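Trainee: Following is a predicted model, sequence given first.
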Amino acid sequence: DRRLTQKQLADKLNISKSTLGHYEQGVSLPPPQLLISISEFFHVPIDYILGKCTCKAEYLYLSEDFCNNMTYGDVINELVKLSKSDRKHIAYELKLMKLANSK
């Protein structure tokens, strides 16, 4: 997203280009402090960096106002309480809204 070369990113993270290459190729894993630095640099959760989730939103956004005195975190908490069938309906409606807004 930042359109950086591997060398530029390595310099910003204070590591060598080859070390960054090893992390990108899965040859080795970055230490926890470097994961934090990468997370902060790209403004994404560590779980996203590790491939454990596809959500790029920072956890900080969970406390922001969604609507009607609910935060994004409140919405997620309510979603996980729903049945799988109800979640499928909501996902379908979201896709329809996204499609309608793209026209």
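Mentor: Nice, thanks for sending it over.
Trainee: C-alpha from now on. contacts and neighbour counts both.
Mentor: OK.
Trainee: nearest spatial neighbour of the spatially most central residue of the chain, skipping sequence neighbours?
Mentor: Centroid-nearest residue in the chain: Lys56, 1.8 Å away (criterion: CA atoms, centre = their mean). Sequence neighbours aside, Val44 is the residue nearest to Lys56 in space, at 5.1 Å (criterion: CA to CA, 6 or more residues apart in numbering).
Trainee: Now do the same for that neighbour: its pLDDT.
Mentor: Per-residue pLDDT puts Val44 at 88.
Trainee: looking at this, it is in a helix?
Mentor: No: the assignment for Val44 (DSSP: H, G, I helix; E, B strand; the rest coil) gives coil, which keeps it out of a helix.
Trainee: following the helix or strand hosting Lys12, which helix or strand comes up?
Mentor: For Lys12, the host element (DSSP states H and E) is helix 6-13. Using DSSP H and E, the helix or strand that follows helix 6-13 in sequence is helix 17-25.
Trainee: Can you give me the buried ones in that following helix?
Mentor: Residues Lys17, Leu20 are the ones in helix 17-25 that count as buried (16 or more other CA atoms under 10 Å).
Trainee: change the start of the numbering to 51 and stick with it
Mentor: Noted, 51 is the first residue going forward, which turns the last one into helix 67-75.
Trainee: and the angle for that helix with helix 56-63?
Mentor: Per axes from the mean of the first three to the mean of the last three CA atoms, to 10 degrees, the angle that helix 67-75 makes with helix 56-63 is 100 degrees.
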